[in-house]
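[1] please work out how this folds:
(2 chains)
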Amino acid sequence: MPGIVFPKPDTDILARRAAIVAGLAARLAPECLIESKTERRAFETDALTAYRRLPLAVVLPRSSEELSAVTRFLHAEGVKIVARGAGTSLAGGAIPQEDAVVVGVGKLNRILEIDYANRTIKVEAGVTNLAISEAVAGDGFFYAPDPSSQLACTIAGNIAMNSGGAHCLKYGVTTNHVLGVKMVLVDGTVVEIGGGHLDAPGLDLLGLVVGSEGQLGIVTEATLRILRAAEDARPVLFGFPTSEQAGACVAAIIGAGIIPVAMEFMDKPAIEICEAFSHAGYPLDVGALLIMEVEGSAAEIDAELKRIVAISKEHGVATLRESKSAMETAAIWKGRKSAFGATGCVADYICMDGVIPTGRLPAVLRRVSEIVAARGLRVANVFHAGDGNLHPLILYDINNPDEQAKAEAAGAEILKLCVEVGGCLTGEHGVGIEKRELMPVQFSAADLAQQMRVRAVFDPGWLLNPAKVFPLEGRRDMAQVGRYDRIAL
Amino acid sequence: MAAHQAHRPFAVVGGGTRAGLGRPMEADTILSTRALTGITLYEPAELVIAARAGTPLADIEAALATNRQRLAFEPMDHRALYATNGAPTIGAVAACNISGPRRIQAGAARDHLLGLRFVNGRGEIIKSGGRVMKNVTGLDLVKLQCGAHGTLGVLVEATFKVLPEPETCGTLALRGFADEAAVAALSAALGSPYQVTGAAHLPAGIGAEEASTLLRLEGARASVEERCTALAKLLAPRGAAEKLGDVQADALWRSVRDAIPLAEPRQTAIWRLSVKPTDAPKIVAALSRQMKMRHFYDWGGGLIWLAVAEEHDAHAAQVRAALAGRGHATLVRAPAEIRAHADVFEPLSMPLLKITAGVKMSFDPDHMVNPGRMYAGI
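    Here you go, the predicted structure:
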């Protein structure tokens, strides 16, 4: 049977639903509160669609102040809160529970300030990732982290999960680009951390908040770095007879001191799925494909590509295709970025997100195939090779509980393998509910207890996204030390 | 653990070269990381190095140099500023989030620190992060430790991302600019597609008679040549750019990194202000009307180095009033008695101060490790 357990809903909260909803209604405009069963359905799951729970209610605040009033009320009532961006989490980070209120950032969607001289943009947290780049593209700038879901996903979710993307090999992930946030704490206190300058003062609370999966507070605004785009960028397709050769080529390029902007890997099943979906012109007669992008002036691109091509030839590259136009470039990236969607058209899938040292790529890819095949399932691999961030997509039938259990077991085994070879459980998707119970594979009890004590400083009552990240068993009552609301200074 | 049982708070010391950074500690025992040395992992092809906390930074840099790699965040060496002569350690770089001019482009130490092992104030060995480039598993305690100045535990081992050393580096200098014009030129350069990795301004009388506005480009030789020409052309309407020789440029960037222009005279207090670049000249102008001071800019103007007289608590009140919340100021150098009662680090809002105190308690409930280094009582 499918393995992810939800905590039992608090019957007292369920019994008080009408009063809680009335309390919310008193604090919000009617269009900011969703309480009918039909409309709540839209919020019962995210991109981990095999699991769903209908939330108590959904609120869509229009400002930090409105959210503050809501959280103050819910905190006083002891009601749990699950924050939600666009609901694109593959780890179940935004899946609610029956006794929780979902806080959506859908109405926090304004771009507040663009400052080219200082290379920053200030946005409300519900703005989508792509909208940020689009807002500054006309002036030659962009926002660097570019998760595949960037058309839909919000900066709120990006901050919660510390999202990456295809181009983070060169440019880094969300945490490297957030300069400041405005955040509502569990008791309604509004705090600002950092701002338009570099390195927020004091402890790096900003670094802690990014990637904290909605457990420390709800971010309502963010100040982000924007970068001037390179003069030009050119992706090139490298087809290899086998995955092993492609993997070895990745390690050799990085070892030679070349850091392309992106190094994306697809194995044969992934190539076939993506090509059928998006007609990007991917070669179908190869065992593995690398999309490598280099950028700069035309001369720089030529020079760097020459070195990359030479290395790829040493590793048996079979086909080589350079993008010759902006349209081709767009098609190449569209194919890659719609990989998950395209896979979804073929079968149901779960997407793993483990990271491994790049030197272990060939061996790990072989083991991944074996692990999945041993359970009679298929796997498609499409991932960020340059930083060792794997995304095996394990295909299964969601209506077949036995297959789902097998797929989940294979996924768990792959993640354990990632940790075993020196890597980690998740590189950019987050732990959510999906990998919660695997945390002891990577961390000792003391490591986890330290993290949970830090969590309890912000949310001593475990009301914020409470069923995520940490294993359900072994959560200690850590509210006795450090809770910020009880500290007298 | 033994110290914990004896309830004797202690100060953690690495090479001792940055002892003046932070508040004087409320501890009389010293814990040295001198015996914790050695590189424990170096995989050049995976761009990762790990070492025990007391390992001299020089050893790390020497190992990386054999593979033409480096720590891209360009950690500052504080020895000139503090007139110390020990060996800076990798542990201190991680604990104090020490970066340099390339911070604007490559990120800070915190952006390159992949993993840590540390002993918290409860005597437990904790690991966070790892050795791979991407990792969002659990709360990011690595970030929390980086820049905590040792107040959340004793770092034992640090793992950093490394990057290839570029083939070459080119520096352009524009001469005679006033502060405002200089920062505008730096902003224009940083907003260009030419990938500037250093952007500093030394006003007249700082290091040389004439003001110098410096821009650094790095990469393959042909690419650097091409971008230097293109950048000079972009800036031509503002003034002529001169390309400096490698030896002169290296020395200049080292001096910017280590704040050498302000190191002498010794009896001055040194501040480091992080602000929005375009606010910087205004803040400097406001301060210079109130006090005698010397200054220069790094990070495209976003980092102001300031030398003032030690009197009036190193002018702490005026410095922070001039900032008016538009950034933060750190009192990097001042006599211990001033650092004991003036705020060395930017005062925090009440909720953030409470969170900071709570975080300290979650790592170190008995205030054993570097007590009071950043904030009194924390």
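[2] low-confidence stretches in the chain?
    Reading this off chain A. A:1-2, A:476-480 (pLDDT under 70).
[3] nope, chain B please
    B:1-6.
[4] report the residue ranges of every domain in it.
    Using automatic domain parsing, the domain parsing of chain B gives B:2-164, B:168-257, B:260-341.
[5] now the end-to-end length of the last one.
    Its first and final residues considered, domain B:260-341 spans 26 Å by Cα to Cα, to the nearest Å.
[6] and the helices in the stretch 1-150 of chain B, which stretches?
    Assigned by DSSP state H, counting those that start in this stretch, the helices in the stretch 1-150 of chain B fall at B:2-6, B:57-65, B:79-82, B:90-95, B:103-106, B:109-112, B:141-145.
[7] for these, give me TSV that also has mean neighbour count.
    Placement of C-beta: from N, CA and C, glycine included. Compiled in TSV, the helices of the stretch 1-150 of chain B are given as follows (neighbours: other Cβ atoms under 10 Å in any protein chain shown):
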stretch	mean neighbour count
helix B:2-6	12
helix B:57-65	17
helix B:79-82	19
helix B:90-95	30
helix B:103-106	24
helix B:109-112	24
helix B:141-145	26
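[8] ok, which of the domains of chain B comes nearest residue A:297?
    When the domains of chain B are compared by Cβ to Cβ, domain B:168-257 sits nearest residue A:297, at 6.0 Å.
[9] end-to-end on that closest one?
    Domain B:168-257: ends 19 Å apart by Cα to Cα.
[10] is that domain anywhere near chain A?
    Yes. Residues of domain B:168-257 are located near chain A by Cβ under 8 Å from any Cβ of the partner chain, namely B:184, B:187, B:190-193, B:195, B:219-220, B:222-223, B:226-227, B:230.
[11] same for the helix or strand containing residue B:322, what does it pack against?
    Per DSSP states H and E: residue B:322 is located in helix B:311-323. The helices and strands touching helix B:311-323, judged by 3 or more Cβ pairs under 8 Å, 6 or more residues apart in numbering or on different chains; DSSP states H and E, are strand B:268-275, helix B:280-290, strand B:303-309, strand B:327-333, helix B:336-341.
[12] how about stretch B:170-183: buried residues?
    For stretch B:170-183, a neighbour-count test (16 or more other Cβ atoms under 10 Å in any protein chain shown) marks B:170-174, B:177, B:179, B:181-183 as buried.
[13] check the offset of stretch B:278-289 from the chain's centre.
    22 Å (Cα atoms, centre = their mean, to the nearest Å).
[14] near chain A at all, that stretch?
    Yes. Using Cβ under 8 Å from any Cβ, stretch B:278-289 reaches chain A at residue B:278.
[15] what's that stretch in contact with?
    A:115, A:117-118, B:179-180, B:182-183, B:187, B:273, B:275, B:293, B:295, B:297, B:301-302, B:304, B:306, B:318-319, B:322-323, B:326-327 (Cβ atoms under 8 Å, 6 or more residues apart in numbering or on different chains).
[16] now that stretch: buried residues?
    B:278-281, B:283-284, B:287.
[17] now for the residues you listed: which two are most distant?
    Largest separation among those by Cβ to Cβ: B:278 and B:287, giving 16.3 Å.
[18] tell me which parts of the stretch 1-150 of chain A are close to chain B?
    Counting by Cβ under 8 Å from any Cβ, the residues of the stretch 1-150 of chain A close to chain B are A:115-120, A:140-141.
[19] of the residues you listed, which belong to strands?
    A:115, A:120, A:141 (DSSP state E).
[20] now the residues you listed: which count as buried?
    If we count by 16+ other Cβ under 10 Å, those have these buried: A:120, A:141.
[21] which residues does residue 141 contact?
    All of this is about chain A. A:116, A:119, A:226-229, B:191.
[22] you looked at the wrong chain, it should be chain B
    Counted by Cβ under 8 Å, 6+ apart, residue B:141 has contacts A:208, A:450-451, A:454, B:116, B:126, B:128-129.
[23] now with 10 Å?
    A:207-208, A:447, A:450-451, A:454, B:116, B:118, B:120, B:126-129, B:148, B:152-153, B:359, B:363 (Cβ atoms under 10 Å, 6 or more residues apart in numbering or on different chains).
[24] also residue B:195?
    Contacts of residue B:195 (Cβ under 10 Å, 6+ apart): A:227-228, A:230-231, A:295-296, A:300, B:105, B:216-219, B:223-224, B:227, B:231.
[25] let's see 8 Å
    Applying Cβ under 8 Å, 6+ apart, the residues contacting residue B:195 are A:230, B:105, B:217-219, B:227.
[26] can you add secondary structure and give those residues back as a markdown table?
    Output for the contacts of residue B:195, formatted as a markdown table (DSSP: H, G, I helix; E, B strand; the rest coil):
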| residue | secondary structure |
| --- | --- |
| A:230 | coil |
| B:105 | helix |
| B:217 | strand |
| B:218 | strand |
| B:219 | strand |
| B:227 | helix |
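[27] of those residues, just say which sits nearest to residue A:310.
    residue B:219 (18.5 Å).
[28] ok, what's across the strand from that closest one?
    residue B:168 (DSSP bridges).
[29] surely it touches residue B:166?
    Yes. At 5.0 Å, residue B:219 counts as touching residue B:166 under the criterion of Cβ atoms under 8 Å.
[30] thinking again about what came up before, what's the farthest-apart pair in the buried residues of stretch B:170-183?
    B:170 and B:179 (24.3 Å).
[31] in strands, which of the buried residues of stretch B:170-183 appear?
    B:170-174.
[32] tell me where the stretch 251-400 of chain A has helices.
    Using DSSP H, counting those that start in this stretch, helices in the stretch 251-400 of chain A cover A:268-278, A:298-314, A:326-337, A:339-346, A:361-373.
[33] buried ones in the second one, by neighbour count?
    Which is helix A:298-314. A:300-301, A:303-305, A:308, A:311-312.
[34] can you show me the CA trace of it as PDB?
    Extracted in PDB, the C-alpha atoms of helix A:298-314 (Å, rounded to 0.1, in the frame of the first residue of the first chain):
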ATOM      1  CA  ALA A 298      29.700  35.000 -30.300                       C
ATOM      2  CA  ALA A 299      33.500  34.700 -30.100                       C
ATOM      3  CA  GLU A 300      33.500  33.500 -26.500                       C
ATOM      4  CA  ILE A 301      30.700  31.000 -27.200                       C
ATOM      5  CA  ASP A 302      32.700  29.600 -30.200                       C
ATOM      6  CA  ALA A 303      35.900  29.300 -28.200                       C
ATOM      7  CA  GLU A 304      34.200  27.500 -25.200                       C
ATOM      8  CA  LEU A 305      32.200  25.200 -27.500                       C
ATOM      9  CA  LYS A 306      35.300  24.200 -29.300                       C
ATOM     10  CA  ARG A 307      36.800  22.900 -26.000                       C
ATOM     11  CA  ILE A 308      33.500  21.200 -25.000                       C
ATOM     12  CA  VAL A 309      33.200  19.500 -28.400                       C
ATOM     13  CA  ALA A 310      36.700  18.200 -28.200                       C
ATOM     14  CA  ILE A 311      36.000  16.600 -24.800                       C
ATOM     15  CA  SER A 312      32.700  15.200 -26.000                       C
ATOM     16  CA  LYS A 313      34.500  13.500 -28.900                       C
ATOM     17  CA  GLU A 314      36.900  11.800 -26.500                       C
END
